[in-house]
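predicted model and sequence follow; I will ask about them next.
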Amino acid sequence: MPLKPSLPVVVAATSVLILPGLAFGQSDTNEEALDPIVVTATLGPKTVGESLSSVTVIEQDDIRRQQPAEFTDLLHAQPGVNVVSDGSYGKTTSVFLRGAGSSGTVLLLDGIRLRSATAGIPPWQFLPPELMERVELVRGAKSSLYGADAVGGVIQVFSLEPEAGRQGWTELSGGSHETLETTAGVAGREGRNAFLVGGVYSDTEGTNLRAGGEDKGFRNAGGLAKVSHQFDQGGGAGVTVFQSEGNTEFEGGDTDFQIRAMGLYLEAVASDYWRTRIQFSESRDEQETFGSYPSVFNTLHRSARWENTLTAGVHEFVIGSEVMVDEVAGTSEFTEDSRTNTAVFGQARLNFGATDLMASARLDDNEAYGKEETGGIALGHELDRVHRVRVSYATSFRAPTFNDLYLTVPYYTGNPNLEPEEGKMMEAGITGRYDTWFWDVAVYQNDVEDLITYVSDPVTFEGTVENVQSARIRGIELSSGFKTTNWDLNAALTWADSENLDSGARLPRRAEKNLRLDVDRLFDKWSVGASFIAESDRYNDAANNSLLPGYGTVDIRAAWNFLPGWSASFKVDNVLDRRYATSLGNDSVTFEPFDYLAAGRTYMASVRYDFRQ
């Protein structure tokens, strides 16, 4: 049945999220646990509160405890997040952040932008969570810092980092649908030098994507290599290489994929007041599809980014420039197969006692669609030691992809007359951070002009993309957390209204209400936990003809450190065996629609050995 939380339910959930934190009274904030350092929101290390943005941080302990089968398992129903996938285990996935389109969220891996220049969607389904140490979800328009696509926000993944001394690990896992996985790695940090090499291989027969269909498998091999050196006077240099490749099956065929990212950074302290950093990066997204509609889509993204941080007392200024080049190739002919974007940007972080002010601006010049100017301003004020309010305003834009403009394939034709999306987002928030609790409330509205939306003819199934003249996305996000030696609890509740103002219809594939609860009880050598995720209904199409009902799932987990260095873990996802769908497909022969079913009840067991010296 569709989930339709009433106003009393929302009010009650709000009380659950906030009132317990107030009950603990005012006390010093546990900054390490409840106000962590983030870098994505402000181009420099600041606590979540200092960033003046709505930020969710997923730490390595959270990732290890939750034992995600896929990276997006960590993102489901987080504040402001909708995840839509064409089934489980490596199938096409989109992430909607604050209602922005599936191409309206920037994905970074250690500062390297990952995306397909043709589809415009990051490869969410191909990122192995076993190689991740930390995730920062920054909600709100950030085009003034990161350029095109940061309409809903930025999600940055930080890969594993070596600890002091030498360490190694190996893990073997097995579970439902003949799933097997092995992970191994070595790392070390001696003095100012560090290295890490790790890999993961997983293979599963998968599950059926449609009622009565055959199981569709997924095979993935991922690797990570890092080398870094810290300079005596500060700063450092490093190289990161990441790769994920394999095969995923779907209704009507299968796809061989390879995702590769390489980055080189150099950071130096030029003086007591000037710090400079330059990063060169390259990412590839290569996919060859076999079956009913064979195709090859290969995209290459190269960038060079230079940031300079200047300090003047308690104030900081960032001045930078960036050059990005996209190239595409494959079986489809594109009128244009490359384009270059140059940009200059700046940010001021000013402090006036209890009040912080941040302002940013960026100018992008793209040879395909011209110049775009974006900016943002945010103000924060400490009411007392633990309560803080913030307000902000920012503009954003998303450029049409190569597919949007030029692609022509069966049942899809690009639209060369598309204009870039342009957004204007306003936000206000208040937070309270205590010794063991925190709570945060944010309200926002994003007014988007020329929203790029996929539309299709219900009779011929011919599709294209169009500019919706205007759209309004507004919502409320509530989050809270409780952390002690024995307990780790996190809760998030989102209400979002996304509307095509021309037609009055809801924007497709966005659920209006999301709820997520994560509860873990920690003991000396073992832990138990559970997650509850619920999402309300959503429409699969722009015309609001195809309604997908809401759903709720419960996951349970346990872990045990049974010997020094040895640990075992076990989890059951979707304990109640709910079969639900977040998207629809069409049969390649009859063109009849069908639900892309998520996996039912699944289990996974693992044994891990960690070596440290």
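Looks like it came in fine. Residues are numbered from 1 along each chain as shown.

so which residues of the stretch 1-150 of the chain form helices?
Using DSSP state H, counting those that start in this stretch, the helices of the stretch 1-150 of the chain run over residues 7-23, 31-34, 60-66, 143-146.

weakest of those helices by average pLDDT?
Mean pLDDT is lowest for helix 7-23 among those, at a mean of 40.

pLDDT weak spots in this protein?
1-34 (pLDDT under 70).

in which helix or strand would I find the residue nearest the centre of it?
Closest residue to the average C-alpha location of the chain: Ile155 at 4.0 Å, with Cα atoms, centre = their mean. In the assignment (DSSP states H and E), Ile155 maps to strand 153-159.

what strands flank the following helix or strand past that strand, and is each parallel or antiparallel?
Sequence-wise, the next helix or strand downstream of strand 153-159 (DSSP H and E) is strand 165-175. Here strand 165-175 is paired, per DSSP bridges, with strand 179-190 (antiparallel), strand 602-612 (antiparallel).

quick one: the helix or strand encompassing Leu451 to chain centroid distance?
Assessed by DSSP H and E, Leu451 sits inside strand 437-456. Averaged C-alpha coordinates place strand 437-456 at 15 Å from its chain's average position (Cα atoms, centre = their mean, to the nearest Å).

after it, which helix or strand is next?
Per DSSP H and E, the first helix or strand lying C-terminal to strand 437-456 is strand 463-483.

can I get the following helix or strand past that next one as CSV, trimmed to CA atoms?
Per DSSP H and E, the first helix or strand lying C-terminal to strand 463-483 is strand 487-500. Taking C-alpha atoms only, strand 487-500 is exported to CSV below (Å, rounded to 0.1, in the frame of the first residue of the first chain):
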residue,chain,number,x,y,z
TRP,A,487,24.7,3.2,21.5
ASP,A,488,24.8,4.7,18.0
LEU,A,489,21.4,6.0,16.7
ASN,A,490,20.6,8.1,13.7
ALA,A,491,17.3,9.3,12.3
ALA,A,492,16.2,11.3,9.2
LEU,A,493,12.8,12.5,8.0
THR,A,494,12.3,14.3,4.7
TRP,A,495,9.2,15.9,3.2
ALA,A,496,9.6,17.3,-0.3
ASP,A,497,7.2,18.7,-2.8
SER,A,498,8.4,18.9,-6.4
GLU,A,499,6.0,20.3,-9.0
ASN,A,500,6.0,21.1,-12.7
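
next, the angle from strand 487-500 to strand 463-483.
Orientation check (axes from the mean of the first three to the mean of the last three Cα atoms, to 10 degrees): strand 487-500 against strand 463-483 gives 150 degrees.

so strand 487-500 versus strand 437-456, what angle?
Going by the same axes, to 10 degrees, strand 487-500 makes 30 degrees with strand 437-456.

packing partners of strand 487-500?
The contact analysis (3 or more Cβ pairs under 8 Å, 6 or more residues apart in numbering; DSSP states H and E) places strand 487-500 against helix 7-23, helix 60-66, strand 463-483, strand 513-522. C-beta here means a position set from N, CA and C on the backbone, and glycine is covered the same way.

same thing but at 10 Å, please
helix 7-23, strand 54-58, helix 60-66, strand 81-85, strand 437-456, strand 463-483, strand 513-522, strand 526-535 (3 or more Cβ pairs under 10 Å, 6 or more residues apart in numbering; DSSP states H and E).

re earlier: pull up the pairing partners for the strand holding Leu451, direction included.
Here strand 437-456 is paired, per DSSP bridges, with strand 421-433 (antiparallel), strand 463-483 (antiparallel).

picking that back up, hey, which of the strands paired with strand 165-175 is tucked in deepest?
Mean neighbour count (mean count of other Cβ atoms under 10 Å) peaks for strand 179-190 among the strands paired with strand 165-175, with a mean of 17.

so after it, what's the next helix or strand?
Next element after strand 179-190 (DSSP H and E): strand 193-208.

that following strand vs strand 602-612, what angle?
Using the same axes, to 10 degrees: strand 193-208 against strand 602-612 is 170 degrees.

run the chain-centre distance for the helix or strand that strand 193-208 is followed by.
Next in sequence after strand 193-208, counting helices and strands by DSSP H and E, comes strand 215-230. Distance of strand 215-230 from the chain centroid (Cα atoms, centre = their mean) equals 17 Å.

what residues sit buried inside strand 215-230?
Across strand 215-230, burial judged by 16 or more other Cβ atoms under 10 Å covers Lys216, Gly217, Phe218, Arg219, Asn220, Gly222, Gly223, Leu224, Ala225, Lys226, Ser228, Gln230.

can I get the residues you listed in JSON lines with distance to Asp555?
As requested, the buried residues of strand 215-230 are exported to JSON lines (distance: Cβ to Cβ, whole Å):
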{"residue": "Lys216", "distance to Asp555": "22"}
{"residue": "Gly217", "distance to Asp555": "22"}
{"residue": "Phe218", "distance to Asp555": "19"}
{"residue": "Arg219", "distance to Asp555": "24"}
{"residue": "Asn220", "distance to Asp555": "21"}
{"residue": "Gly222", "distance to Asp555": "23"}
{"residue": "Gly223", "distance to Asp555": "28"}
{"residue": "Leu224", "distance to Asp555": "26"}
{"residue": "Ala225", "distance to Asp555": "32"}
{"residue": "Lys226", "distance to Asp555": "31"}
{"residue": "Ser228", "distance to Asp555": "36"}
{"residue": "Gln230", "distance to Asp555": "40"}
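
what pairs with Arg260 across the strands?
Under DSSP bridges, the beta-bridge partners of Arg260 are Gln243, Arg284.

burial check on the closest residue to Ser88 other than its chain neighbours, number of neighbours?
Closest residue to Ser88 apart from its sequence neighbours, by Cβ to Cβ, 6 or more residues apart in numbering: Ala599 at 3.9 Å. Residues lying near Ala599 (other Cβ atoms under 10 Å) number 21.

gap between Ala599 and Glu462?
Distance of Ala599 to Glu462, given as Cβ to Cβ, to the nearest Å: 32 Å.

partner strands of the strand holding Ile155, parallel or antiparallel?
strand 105-109 (parallel), strand 132-139 (antiparallel).

residue contacts, the nearest residue to Asn467 once chain neighbours are set aside?
Nearest residue to Asn467 in three dimensions, chain neighbours excluded: Asp450, at 4.1 Å (Cβ to Cβ, 6+ apart). Contacts were defined as Cβ atoms under 10 Å, 6 or more residues apart in numbering; by that measure Asp450 touches 397-398, 400, 418-423, 466-471.

so Asp404 is in which element?
If you go by DSSP H and E, Asp404 is part of helix 402-406.

can you check Leu357 too?
Assigned by DSSP H and E, Leu357 falls in strand 355-366.

same for that strand, what does it pack against?
Applying 3+ Cβ pairs under 10 Å, 6+ apart, we find strand 355-366 packed against helix 143-146, strand 315-330, strand 338-352, strand 370-382, strand 387-398.

so which of these is the most surrounded?
Compared across those, helix 143-146 shows the largest average neighbour count, a mean of 26 (mean count of other Cβ under 10 Å).

this completes my enquiry, with thanks.
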